[in-house]
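> Turn this into a structure:
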Amino acid sequence: MGGSSRNGLSTGRWLEWPVGRTPAMKAITVSGERIECDQLDEGREGLLLYHGERVVGYVPYERLECVTETRSPVASSSIRSIGYDDEDETLEIEFQSGGVYRYDDVSRETYESFLGARSHGTYFHENVRGQYDYHRIR
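Residues are numbered from 1 along each chain as shown. Here you go, the predicted structure:
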């Protein structure tokens, strides 16, 4: 375990989180390509990106711009994680069923209220569902 650091990441480590509390991430390359993942393996020459047990990408360190969290896990019986993209003004929700949906033209204020809501499921039904255009991404 361990090794030298490349782009702020130490090599030779497997990064993962407890079951059900895994943040969604994306690796962004210097050319702007975005690869969604929930786990990564830091090798000698680059990152192996996984979604569950499936490899979804590989990025050599010299092509890696950054890795950033896209959704944060929440404590809810219906919603697994919530994320927001300021640039696109999109809200991304992963449900406990495994479905991931992206809602368009959502304000940052709505996202912050959703994230801080006492009940994420209730907030979703009262303030998001039926209010925004959306599409399923997984």
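
> Phi, psi for Leu49 please.
Note on Leu49: its backbone torsions stand at phi -110, psi 140 [degrees, to the nearest 10].

> ok, now Ala27?
Residue torsions, per degrees, to the nearest 10, at Ala27 are phi -90, psi 130.

> Kindly tell me how buried the nearest residue to Ser107 once chain neighbours are set aside is, as a neighbour count.
Distance criterion C-beta to C-beta, 6 or more residues apart in numbering; nearest residue to Ser107, sequence neighbours excluded, is Glu89 at 7.1 Å. (Each C-beta comes from the backbone N, C-alpha and C, glycine too.) Around Glu89 sit 15 other residues, with neighbours defined as other C-beta atoms under 10 Å.

> Just to check, Glu89 is in contact with Tyr103?
No - counting by C-beta atoms under 8 Å, Glu89 does not reach Tyr103; the two are 9.6 Å apart.

> Distance-wise, check the residue nearest to Ser107 relative to Arg108.
8 Å (C-beta to C-beta, to the nearest Å).

> what does Asp41 give?
From Asp41 to Arg108 the distance is 33 Å (C-beta to C-beta).

> cool, Gly46 as well?
Distance from Gly46 to Arg108, by C-beta to C-beta: 33 Å.

> All the helices of this structure, residue numbers only.
With DSSP state H as the criterion, the chain has helices at 108-115, 120-127.

> Go through the ones you listed and name the closest to Glu33.
Glu33 sits nearest to helix 108-115 of all the helices of the chain, at 24.7 Å, using C-beta to C-beta.
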